[in-house]
Structures are given as C-alpha cells and as structure tokens.
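Undergrad: here is a sequence with its predicted model. Questions after.
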Amino acid sequence: MKTILMSIQPKWVKKIISGEKIIEVRKTAPKEVPFKVYIYCTGVKNLNLTEYVKLHSETGGAIDYWHGKVVAEFVCDEVDTIPVDSEAFAAISKPACLTTDELIEYCSGKDMYGLHISNLKVYDEPKKLSDFRKPDTSCGFYNPDLERCDSGYNCERCVYNDLTITRPPQSWQYVQELEEYDENN
C-alpha cells in the first residue's frame, strides 16, 4: 500500500481525531486507493491567541504536544472527485466540516478531491518527521509496488543517499516510515 505524509492544520487535526471530520478535502490526491496517510500537525504559531486558547482547551492541552509532529494515521480507501461548481459541494460539506462557501473559496475554480478517512489510529506518542524517509525512486533496483529497494542487498545509493524527511510537505508527499524501510532492507 502506498504511504503519504500529509500536513494538516491543528484545528482540522482536532476534528479528525474527534471523529467529527471524516473527509479531508485536497486539491490533489494519490490516484491509487487504498493508501495510508500519516497526519502531520502543523505548528500553532500561525494561530491567533483566541484560536490557540480554544484548541488548547478543546484538546486538553494535547495541541501543545501534537504541533510539529506526526500524531495519527488513517487509511484512505476512497477518493471522491468533486467537480467545481457541482452539487457535490453540498454533499461533502458536512463530513468535511467546511461550508459550501469555504469549499468554493478553497477550490479556486478547480476540481477537488475528498479523501475518506477510515481506520484512524491516534498515537500515544507522536512521531517526528525524522522517523520517515522519502522513497528513493531513482535507485535502479527500486520497486514501486513495494516502495523500497529490491536489490536484495543495501546498494550504495540506498545506504548513502540520506532521504530522511526534515521538512513537512506543503500538502502531501509519498514517504516510508524508517521502521518499514529498515525491515525491508
């Protein structure tokens, strides 16, 4: 199964973790389903004081622990294409926790995608970005079906090419968890 790391603002992370938000809306999405999504909670520094205090209260202080970390994962087993200016906006509005006006503003006149959230797993101990690496797709032995080097040994490119994630994606990117990479190599 393909795996992605997705940056999500703290207020939406809270709604996903509480089960209120069951569809994540994006301008782009992976084409093949199912895929696993690691949720990276963006920092709280862009929140105004009122938003921060509200989120801090609603999460019992967990927002301080989550920000800047990977706090949960889910499986996306369905992706809806939401055509611009369609009746689908009204249908997806409630499960995405967005108003129709917010969806129209977000889409900027282009189709969107609704990623269905299933099998949500919230971590007791959030993970760091450095626990993940980019798949090395340039390796001659890279197997895209397995998302790893399939050479049977640790080739020089895979061993010496540091593909550890150090910055969160703007939206999402394909990744491997380091544990999975180490187990498969």
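TA: Received, thanks.
Undergrad: quick one: the helices in the chain?
TA: Ranges of helices in the chain, per DSSP state H, are 10-18, 49-58, 62-66, 88-96, 100-107, 156-160, 178-184.
Undergrad: mind putting these into TSV with distance to Thr166, mean neighbour count and mean pLDDT?
TA: No exception for glycine: its C-beta is placed from N, CA and C like everyone else's. Listed next are the helices of the chain as TSV, based on distance: least, CB to CB, whole Å; neighbours: other CB atoms under 10 Å; pLDDT from 0 to 100:
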stretch	distance to Thr166	mean neighbour count	mean pLDDT
helix 10-18	21	19	95
helix 49-58	26	13	92
helix 62-66	19	18	90
helix 88-96	30	17	89
helix 100-107	28	14	87
helix 156-160	17	12	49
helix 178-184	13	14	54
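Undergrad: of those, which is nearest Lys121?
TA: Comparison of the helices of the chain against Lys121 by CB to CB identifies helix 10-18 as nearest, at 10.3 Å.
Undergrad: what does that closest one rub up against?
TA: Here helix 10-18 makes contact (CB atoms under 8 Å, 6 or more residues apart in numbering) with 8, 21, 24, 39, 41-42, 44, 47, 51, 55, 58-59, 63, 66-67, 71-72, 74, 97, 117, 120, 122.
Undergrad: distance between stretch 71-91 and the chain's centre?
TA: 14 Å (CA atoms, centre = their mean, to the nearest Å).
Undergrad: quick revisit: what subset of the contacts of helix 10-18 is buried?
TA: Burial by neighbour count, judged by 16 or more other CB atoms under 10 Å, picks out 8, 21, 24, 39, 41-42, 44, 47, 55, 59, 63, 66-67, 71-72, 74, 97, 117, 122 from the contacts of helix 10-18.
Undergrad: give me the domain ranges for the protein.
TA: Per the record, the chain has its domains at 2-127, 130-184, by automatic domain parsing.
Undergrad: looking at the ones you listed, which has the lowest confidence?
TA: Mean pLDDT per stretch puts domain 130-184 lowest among the domains of the chain, at a mean of 66.
Undergrad: now the strands: where do they sit in this protein?
TA: Secondary structure of the chain (DSSP state E): strands at 2-8, 23-26, 35-41, 69-76, 79-82, 112-116, 118-127, 132-133, 142-143, 148-149, 172-174, 176-177.
Undergrad: just give the nearest non-adjacent residue to Ala88, would you?
TA: Ile82 (4.6 Å; CB to CB, 6 or more residues apart in numbering).
Undergrad: run through the bridge partners of that neighbour.
TA: Met112 (DSSP bridges).
Undergrad: go ahead and confirm it touches Phe89.
TA: Yes - the pair Ile82 and Phe89 qualifies as a contact (CB atoms under 8 Å) at a distance of 6.7 Å.
Undergrad: between these two, which contacts overlap?
TA: With CB under 8 Å, 6+ apart as the test, Ile82 and Phe89 both reach Leu103.
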